[in-house]
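Asker: Show me how the following folds:
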Amino acid sequence: MSALVVPPTEPERKPAPGPPAGRHRRPAAATPAEAQAPVRAPAPPQVSPVEAPLVDAPPVEAPPSLPAEAPPVDAPPVDAPPAPSAEVLASEPIVQPARVERRWREWPITLVLACVLISLIVVAANHFRRGSVLLAASVLLATGLRLVLPARQAGLLAVRSRLVDVIALGGLGGGLMVLALVVPPPS
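Answerer: Numbering: from 1, shown residues only. Coordinates of the predicted model:
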């Protein structure tokens, strides 16, 4: 049998004691002179002779259909205005249209929850039947909003498909309305 030859490997390096040097941390300096020395960029990797470009190769010409020097794709137009300075940017208010739009996107559920809150306040004010009817009406309002609004505008009222949501909310609202009108108020 022949023996399996394993190439020698480098010995494992143990990390230096102390806090780990992260990607954004500067390694600790050994002397005060090193602490004040500027950090230099790493040297470019050495190119092996196999990867080196050929020196004697003739220059490649562009095909006749393409211009000899095309402008870079990401180049800004020549007539572009200069970038605003930091002082101008600091003085202008920051507008976030996506956040403002998001704030008003959930108006249907906000309206329904406001009606539910009002109905609970009415019930707490010792008007059981009126508060229960208002609670049922707020659920029926949710049913109507889910029925007429598209799913994107319905927001949090859209849980399942429109049909399932309307049937569930309508059944709950109708049942609450029947119970609010049939059940006698507490004496």
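
Asker: Could you use CA atoms for every contact and neighbour count after this?
Answerer: Fine.

Asker: In contact with Q153: list those residues for me.
Answerer: Counting by C-alpha atoms under 8 Å, 6 or more residues apart in numbering, Q153 makes contact with R105, E106.

Asker: Can you tell me the SS state at it?
Answerer: Of the three states, Q153 takes helix under DSSP: H, G, I helix; E, B strand; the rest coil.

Asker: I'd guessed G155 sits against W104; true?
Answerer: No. Counting by C-alpha atoms under 8 Å, G155 stays clear of W104, with 10.2 Å between them.

Asker: Distance of T110 relative to H127?
Answerer: 24 Å (C-alpha to C-alpha, to the nearest Å).

Asker: no no, G155
Answerer: According to C-alpha to C-alpha, G155 and H127 sit 32 Å apart.

Asker: What of L135?
Answerer: Distance from L135 to H127, counting by C-alpha to C-alpha: 12 Å.

Asker: okay, these two: which has more neighbours?
Answerer: For L135 versus H127, neighbours defined as other C-alpha atoms under 10 Å are more numerous around L135 (26 against 15).

Asker: tell me the pLDDT at that one?
Answerer: L135 carries a pLDDT value of 97.

Asker: doesn't L120 make contact with it?
Answerer: Yes. Counting by C-alpha under 8 Å, L120 is a contact partner of L135 at 7.5 Å.

Asker: Quick one: residues contacting the nearest residue to L113 once chain neighbours are set aside.
Answerer: Leaving aside its chain neighbours, L113 sits nearest to S138 (7.9 Å; criterion: C-alpha to C-alpha, 6 or more residues apart in numbering). Contact partners of S138, counting by C-alpha under 8 Å, 6+ apart, are V112, L113, C115, V116, G173.

Asker: Does S138 belong to a helix, a strand or coil?
Answerer: helix.

Asker: Show me the shaky parts of the protein.
Answerer: 1-103, 185-186 (pLDDT under 70).
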